[in-house]
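> Sequence and computational prediction follow.
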Amino acid sequence: MSDATARFDLDEERVIRDAYARGEAPKCPRDGAAMTVRSIGGGSFGLGYSRKREWLICPTCKRSVIFDLKRGTRN
Ligand SMILES: [Zn+2]
């Protein structure tokens, strides 16, 4: 049993991604728990691009999904 590697279906990931993109607090589509969001540093800033990743974890079923967020605005 390796529940630590459990993943969402693609449709479920899309639901989470859409909610997050709208600025809403994403909820787990399986159990409705509020998901924990962690930002992951890219570590590649010296290469000329900065990519932001968000790691969303459900505290109830332990499923997680990592999003790559491309930065659309530069300043
Ligand atoms: Zn869950």
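Structure received. Numbering: from 1, shown residues only.

> and the one helix or strand in the chain whose mean pLDDT sits lowest with the ion, contact?
Ranked by mean pLDDT, DSSP states H and E, the weakest helix or strand in the chain is strand 64-69, scoring a mean of 85. No. Using Cβ under 5 Å from the ion, strand 64-69 stays clear of the ion, coming no nearer than 9.5 Å. Bear in mind the C-beta positions are built from the backbone N, C-alpha and C, glycine included.

> Surely Pro59 and Val37 touch.
No. With contact defined as Cβ atoms under 8 Å, Pro59 does not reach Val37; the gap is 11.4 Å.

> Name the SS class of the residue nearest to Pro29 when sequence neighbours are not counted, please.
Leaving aside its chain neighbours, Pro29 sits nearest to Glu12 (4.5 Å; criterion: Cβ to Cβ, 6 or more residues apart in numbering). Three-state call for Glu12 (DSSP: H, G, I helix; E, B strand; the rest coil): helix.

> My read is that Glu12 contacts Pro26, right?
No. The pair Glu12 and Pro26 fails to qualify as a contact (Cβ under 8 Å) at a distance of 10.6 Å.

> of the two, who's got more company?
For Glu12 versus Pro26, neighbours defined as other Cβ atoms under 10 Å are more numerous around Pro26 (22 against 15).

> Look at that one and report its pLDDT.
pLDDT, Pro26: 93.

> Asp31 and the ion, how far apart?
To the ion, Asp31 is 4 Å away according to Cβ to the ion, to the nearest Å.

> That should have said Pro59, apologies.
8 Å.

> dump the residue contacts of that residue.
Contact partners of Pro59, counting by Cβ atoms under 8 Å, 6 or more residues apart in numbering, are Ala33, Ala34, Met35, Thr36.

> ok, which residues in this protein are in contact with the ion?
Those residues of the chain that sit near the ion, judged by Cβ under 5 Å from the ion, are Cys28, Arg30, Asp31, Cys58, Thr60, Cys61.

> tell me the secondary structure for the residue nearest to the second one when sequence neighbours are not counted?
By that I understand Arg30. With Cβ to Cβ, 6+ apart as the criterion, Arg30 has its nearest non-adjacent residue at 5.5 Å, and that residue is Cys61. Under three-state DSSP, Cys61 falls in the coil class.
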